[in-house]
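Chemist: turn this into a model:
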Amino acid sequence: MKIRIKSNSLRYRLTRTDIARLAEVGYLEDKVKFAEQTLMYAAKIVDNDEPLTASFKNDTITLFMPKSMITELIDTDRVGFESNDGPLNLLVEKDFTCLENVAEDQSDNYPNPLAKKYHE
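Modeler: Numbers count the residues shown, from 1 in each chain. Prediction:
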């Protein structure tokens, strides 16, 4: 699971394993350590059909995602979901392989739908 933060925009990128685990367990978390402090970020499945929402409490960013969204990511070619939670723009999406070679391990990422066109 990766997050990207820019101004009032928060994007979560999920690998195949992240999505499968989130569907199975209902919760994922990871962390970034900054010397003496730790920033946690998490995704949690909720049993409602509300849009994506998020909270920031106790040094943890939590994205709340309806169960129907995770099911759609698994069962369809849908790339992701976007919504606004007040002034915060939220996006959750499948993590695709990069079109350029990168050092990062991408073996668990989704195949990039643009790869065929890019390499022609």
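
Chemist: can you map out the strands along the chain?
Modeler: Counting by DSSP state E, the chain has these strands, from start to end: 2-6, 9-14, 27-34, 37-46, 53-57, 60-66, 80-85, 88-94.

Chemist: and these as a markdown table, adding mean pLDDT?
Modeler: Output for the strands of the chain, formatted as a markdown table (pLDDT from 0 to 100):
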| stretch | mean pLDDT |
| --- | --- |
| strand 2-6 | 94 |
| strand 9-14 | 94 |
| strand 27-34 | 96 |
| strand 37-46 | 96 |
| strand 53-57 | 96 |
| strand 60-66 | 96 |
| strand 80-85 | 93 |
| strand 88-94 | 94 |
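
Chemist: kindly reformat the ones you listed as a markdown table containing distance to residue 74 and mean neighbour count.
Modeler: Where you see a C-beta, it was placed from the backbone N, CA and C, and this is true even at glycine. Below are those laid out as a markdown table (distance: least, Cβ to Cβ, whole Å; neighbours: other Cβ atoms under 10 Å):
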| stretch | distance to residue 74 | mean neighbour count |
| --- | --- | --- |
| strand 2-6 | 19 | 11 |
| strand 9-14 | 11 | 20 |
| strand 27-34 | 14 | 12 |
| strand 37-46 | 12 | 16 |
| strand 53-57 | 21 | 14 |
| strand 60-66 | 12 | 19 |
| strand 80-85 | 13 | 16 |
| strand 88-94 | 10 | 18 |
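
Chemist: in CSV: those strands, plus distance to residue 21.
Modeler: Putting the strands of the chain into CSV (distance: least, Cβ to Cβ, whole Å) gives the following:
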stretch, distance to residue 21
strand 2-6, 14
strand 9-14, 9
strand 27-34, 6
strand 37-46, 10
strand 53-57, 19
strand 60-66, 13
strand 80-85, 17
strand 88-94, 14
